[in-house]
Structure formats: C-alpha cells, structure tokens
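In: no FASTA, just this:
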C-alpha cells in the first residue's frame, strides 16, 4: 500500500487545505511520511507569520552570540562580546524572567529572555576572553505551606 493510501482516514486534501499549501510528493520508493524535510521550513514560515517581531529578536540576540542552557539548579547564559566593546562599561541586570545588558558602544540595551524563573539575587557574572557568563539559580518549587495571618 502506498504512503497516501496506508491510512484511509487521513484525507491529504483536508490537510493541504488546513496548511494552506500543497504538500510535497514523495520520491519514488518513499512514502510521504518517510521524507519530512519540508516540515522545518514550513514551521519557520508559520512562526514568522504568527510573530513578525520574532525574526528580528532572534537575529539581534544571534548577532551577539548568546547561548542559554539549564542544569538542574541553574540557568547559564553565555554572551560573546565583540572586540570593540569595553567589558568594564558593561552592566548586567537580572529579573526573574530575563536579563538586561547595558553599556554597549552603540548605546542599545540587550534583553535576553530566560527559559525558566530564576532568583535574581543569586546571579554570578564572570568575564573571560570576550565571553560574559551569567549563572543564576533557578527558582525552586516551594511546596511547603506558609501561614497567612488573619487580621482582626
């Protein structure tokens, strides 16, 4: 049975109508589901249409070389700083949801959204070989009860 007829409940015409474009046909010997390389481009196009400002924010943070990753207890952000920037002029401000970097030559601030909530007061920042590293402790799930006092 070919890839298009393997699932009779799946009507490709309806899928194409929902997606708003024709689906690419599989090459000989392949079923449609075996070759899904077209999906990445489609998803990127849909994200650009849904959030037009997203493309600009990705390129601006991408131009300063930002890398964000998480461990069990911390969020670590590494920012590559250009040669012409003065590292001593930089300032890092931490909020529970984002970081703000100031002091760049062009006068613009850069905001980096964090993937999870953090404790801003635990931030530790280091600079070495044009790499700014910000390490912030994640905000834990506090599952204990705290008494809320009743005022009379």
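Out: Sure, I can see it. Being a predicted model, the structure only gives us computed values, none of them experimental. Numbers count the residues shown, from 1 in each chain.
In: all helices of the protein, in order?
Out: In the chain, the helices defined using DSSP state H lie at 12-19, 38-50, 52-63.
In: Check those helices for me: which has the lowest mean pLDDT.
Out: Of all these, the segment with the smallest mean pLDDT is helix 52-63, scoring a mean of 45.
In: Can you list the low-confidence ranges for this protein?
Out: Under the criterion pLDDT under 70, the flagged ranges of the chain are 1-10, 12, 21-41, 51-64, 141-144, 146, 152.
In: Quickly list what residue 75 is bridged to.
Out: residue 70, residue 136 (DSSP bridges).
In: is it true that it touches residue 136?
Out: Yes: the pair residue 75 / residue 136 is scored as a contact, 5.2 Å apart, by CB atoms under 8 Å. Backbone N, C-alpha and C define where each C-beta goes, glycine included.
In: Find the residues that touch each one of those two.
Out: Here residue 75 and residue 136 share the contacting residues 114, 118, scored by CB atoms under 8 Å, 6 or more residues apart in numbering.
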